[in-house]
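*Asks:* would you be able to build a 3D model of this:
(one chain, ligands or ions: 1)
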Amino acid sequence: MQRFDTAHEAALALRPDDPIYCFRPEVLKADCRQFMGMFPGKTAYAVKTNGEQIVLKALVEAGVTAFDVASPGEFAAVRAVSPDAEMLYMHPVKAQSDIRLALEKYGIRVISVDHEDEVTKLTRVVRALDIDPGQITVFVRIQTKGSAAYELSKKFGAAPAYAVELAERLHRTGYKVGIAFHVGSQIEDPDTYERALATADWIRNRMDAPLAGLDVGGGFPAEYGHDPNRKKPEMPSLGQIMSRLRNDIEEYQFDEVPLVAEPGRVIVAKAFSLIVRVLLRKGRRLYINDGIWASLSDSWTGKITLPARFIPDPAIRARNGEAKNIVPFKVCGATCDSVDILSRPFWLPETVDTGDWIEIGHIGAYSLSLRTRFNGFYPDTFVEVATPFDEGKAPEGFASLETMAD
Ligand SMILES: *Cc1c(COP(=O)(O)O)cnc(C)c1O
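*Replies:* Numbering: from 1, shown residues only. This is a model prediction of the structure:
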């Protein structure tokens with residue numbers, strides 16, 4: 001992989017027409033170590049957030065020994081970077097053939113369920129392979145109470161009374177039993193974790209089985225940009241959220257059982273930026289070489305403001321003077337699909353033109369892991385960049401939350 005000091009340098013050296021992912025391994029390792037320092041248990045990185053080999057390898061180097069996986073593709077991706085990393089198979093709904101593969105080929109011994117039919121599938125495989133159920137920890141994934149905008153936990157999870165029943169059934173079959181929840185993504189209200197802990201506590205106090213572990217899932221917030229025209233939203237820092245979580249864990253006496261967290265976004269968001277090129281400027285519209293079918297799908301559905309930096313092409317001699325203002329542009333994606341238009345405008349210096357580049361920061365989570373081959377576009381070029389996105393020149397632009405008239 002080619003290395004550069006900054007993305008700006010990479011853009012001017014490579015003059016790329018295709019999107020370029022700028023990977024910052026040192027930022028990734030630092031953010032990972034920071035999280036592990038703040039969480040009093042096992043950190044199992046959620047592979048779906050960004051499962052690139054370079055990411056998984058750097059995480060192993062940073063000391064990660066466990067990964068949250070959901071599919072054969074993710075089992076293989078983790079095994080390819082580490083022969084002995086532990087895998088936690090935390091998808092509550094699984095194909096029986098995948099359960100078999102997990103237990104037989106990958107030696108997975110931690111798994112989650114939220115329904116008795118999943119227990120039946122698991123037990124069929126355990127019996128067929130003649131595994132002692134006592135070697136397997138089954139986490140009952142529980143439903144958590146909704147919490148406004150970031151609530152994403154409605155798809156999975158057993159209701160509390162049913163979770164008690166499942167836990168006892170698992171215990172009777174001889175499994176070790178844990179409780180797991182996942183409250184959503186980009187949680188900015190620490191009460192969310194406390195509510196989930198209260199539900200877990202209710203279940204623990206009613207189940208007639210020892211508790212082998214508590215898995216608090218992911219959802220820890222990453223830092224993003226903010227719109228300089230607006231008041232910076234009040235948001236607790238990661239440190240504050242984690243310290244509150246630690247206190248709540250102690251208060252509910254969950255510090256007496258082995259703890260697991262499954263962070264994704266918080267670890268990998270800042271480790272990547274993306275250089276895109278303006279293929280055409282048409283008035284206040286920019287047509288770029290990436291879009292919702294490649295790196296920019298999830299980022300624009302969440303309530304996040306991505307920071308951006310303008311990289312003017314020095315070969316453009318005749319600019320309309322110096323940029324004084326940043327103005328909103330409608331951004332159209334690379335494919336011919338008419339829905340491939342970003343839902344948020346991009347605020348950029350008014351002189352941005354055909355041929356310029358834009359570096360979009362903090363894009364490591366749920367961006368490249370969601371890219372498709374639609375229309376034949378598949379960005380796949382990576383460079384390594386030494387300087388963190390947030391250092392040096394302040395970002396001149398951002399993808400705003402405001403909508404814009406056509
Ligand atoms: C997606 C997911 C995570 C990671 O969530 P982040 O918000 O990226 O931290 C963790 N656990 C489970 C079960 C998930 O589905």
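*Asks:* which residues of the stretch 1-150 of the chain fall in helices?
*Replies:* The residue ranges that make up the helices of the stretch 1-150 of the chain, judged by DSSP state H, counting those that start in this stretch, are 7-14, 25-38, 53-61, 72-81, 96-104, 116-128.
*Asks:* looking at these, which is nearest to the ligand?
*Replies:* Nearest to the ligand, of all these, is helix 25-38, at 9.8 Å by C-beta to the nearest ligand atom. Placement of C-beta: from N, CA and C, glycine included.
*Asks:* find the nearest non-adjacent residue to residue 387, please.
*Replies:* When the adjacent residues along the chain are set aside, residue 387 lies closest to residue 6, with 5.0 Å between them (C-beta to C-beta, 6 or more residues apart in numbering).
*Asks:* let me have the helices of the stretch 1-150 of the chain in a markdown table, extended by distance to the ligand and mean pLDDT.
*Replies:* Shown next, in a markdown table, are the helices of the stretch 1-150 of the chain (distance: least, C-beta to the nearest ligand atom, whole Å; pLDDT from 0 to 100):
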| stretch | distance to the ligand | mean pLDDT |
| --- | --- | --- |
| helix 7-14 | 24 | 97 |
| helix 25-38 | 10 | 98 |
| helix 53-61 | 13 | 98 |
| helix 72-81 | 11 | 98 |
| helix 96-104 | 15 | 98 |
| helix 116-128 | 14 | 98 |
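*Asks:* now tabulate those in TSV and tack on mean neighbour count and distance to residue 205.
*Replies:* Formatted as TSV, those follow (neighbours: other C-beta atoms under 10 Å; distance: least, C-beta to C-beta, whole Å):
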stretch	mean neighbour count	distance to residue 205
helix 7-14	19	52
helix 25-38	19	28
helix 53-61	19	36
helix 72-81	17	34
helix 96-104	17	30
helix 116-128	17	22
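*Asks:* low-confidence ranges in this protein?
*Replies:* Flagging of the chain using pLDDT under 70 yields the residue ranges 146-153, 228-230, 299-303, 320, 392, 394, 396, 399-406.
*Asks:* what residues does it put near the ligand?
*Replies:* Contact residues (C-beta under 6 Å from any ligand atom) of the chain with the ligand: 46, 48-49, 68, 90, 182, 185, 217-220, 262-266, 365.
*Asks:* I'd say residue 322 and residue 351 touch.
*Replies:* Yes - under the criterion of C-beta atoms under 8 Å, residue 322 makes contact with residue 351 at 7.3 Å.
*Asks:* looking at these two, which is more packed in?
*Replies:* Relative neighbour count places residue 351 above the other of residue 322 and residue 351, with 18 against 8, counting by other C-beta atoms under 10 Å.
*Asks:* show me what contacts that one?
*Replies:* The neighbourhood of residue 351, defined by C-beta atoms under 8 Å, 6 or more residues apart in numbering, consists of 312, 319, 320, 321, 322, 323.
*Asks:* what are the phi and psi values for the first one?
*Replies:* Right, residue 312. Dihedral angles phi and psi of residue 312 (degrees, to the nearest 10) take the values phi -70, psi 140.
*Asks:* quick revisit: what's the burial count for the residue nearest to residue 387?
*Replies:* Residues near residue 6, counting by other C-beta under 10 Å, number 21.
*Asks:* quick one on the thing from earlier: okay, the helices of the stretch 1-150 of the chain in CSV with distance to residue 139 next?
*Replies:* Formatted as CSV, the entries for the helices of the stretch 1-150 of the chain read as follows, by distance: least, C-beta to C-beta, whole Å:
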stretch, distance to residue 139
helix 7-14, 40
helix 25-38, 20
helix 53-61, 22
helix 72-81, 17
helix 96-104, 14
helix 116-128, 11
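*Asks:* and of the ones you listed, who's closest to residue 255?
*Replies:* The closest approach between residue 255 and any of these, judged by C-beta to C-beta, belongs to helix 25-38 at 14.3 Å.
*Asks:* what does the closest one contact?
*Replies:* 43, 45, 54-55, 58-59, 61-64, 220, 238-239, 242-243, 246, 261, 263, 266-271, 364, 384, 386, 388-389.
*Asks:* ok, 7 Å please
*Replies:* Under the contact criterion C-beta atoms under 7 Å, 6 or more residues apart in numbering, helix 25-38 has outside partners 43, 55, 58-59, 61-64, 239, 242, 263, 266-268, 270-271, 384, 388.
*Asks:* burial count for residue 253?
*Replies:* Tallying neighbours of residue 253 according to other C-beta under 10 Å, which is how burial is gauged here, yields 10.
*Asks:* and what of the one 4 residues further on?
*Replies:* Using other C-beta under 10 Å as the criterion, residue 257 is surrounded by 17 other residues.
*Asks:* that one contacts residue 211, correct?
*Replies:* Yes - taking contacts as C-beta atoms under 7 Å, residue 257 lies within contact range of residue 211: 5.3 Å.
*Asks:* by proximity to the ligand, which residue of the stretch 251-400 of the chain wins?
*Replies:* When you check the stretch 251-400 of the chain against the ligand by C-beta to the nearest ligand atom, the closest residue turns out to be residue 264, at 2.7 Å.
*Asks:* the helices of the stretch 1-150 of the chain: which one's closest to residue 331?
*Replies:* When the helices of the stretch 1-150 of the chain are compared by C-beta to C-beta, helix 7-14 sits nearest residue 331, at 17.6 Å.
*Asks:* show me what residue 86 is bridged to.
*Replies:* According to DSSP bridges, the partner residues bridging residue 86 are residue 66.
*Asks:* wait, a strand at residue 161?
*Replies:* No - counting by DSSP: H, G, I helix; E, B strand; the rest coil, residue 161 is not part of a strand but helix.
*Asks:* can I get the CA coordinates of the longest helix anywhere in the chain in CSV?
*Replies:* Secondary structure assigned by DSSP state H gives helix 191-206 as the longest helix of the chain. What follows is helix 191-206, C-alpha atoms only, in CSV (Å, rounded to 0.1, in the frame of the first residue of the first chain):
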residue,chain,number,x,y,z
ASP,A,191,-29.6,6.2,30.1
THR,A,192,-30.0,3.8,27.2
TYR,A,193,-27.4,1.4,28.6
GLU,A,194,-28.8,1.8,32.1
ARG,A,195,-32.3,0.8,30.9
ALA,A,196,-30.9,-2.3,29.3
LEU,A,197,-28.9,-3.2,32.4
ALA,A,198,-32.1,-2.8,34.5
THR,A,199,-33.9,-5.3,32.1
ALA,A,200,-31.0,-7.7,32.3
ASP,A,201,-31.1,-7.4,36.1
TRP,A,202,-34.8,-8.2,36.2
ILE,A,203,-34.1,-11.4,34.2
ARG,A,204,-31.1,-12.5,36.2
ASN,A,205,-33.1,-12.1,39.4
ARG,A,206,-35.9,-14.4,38.1
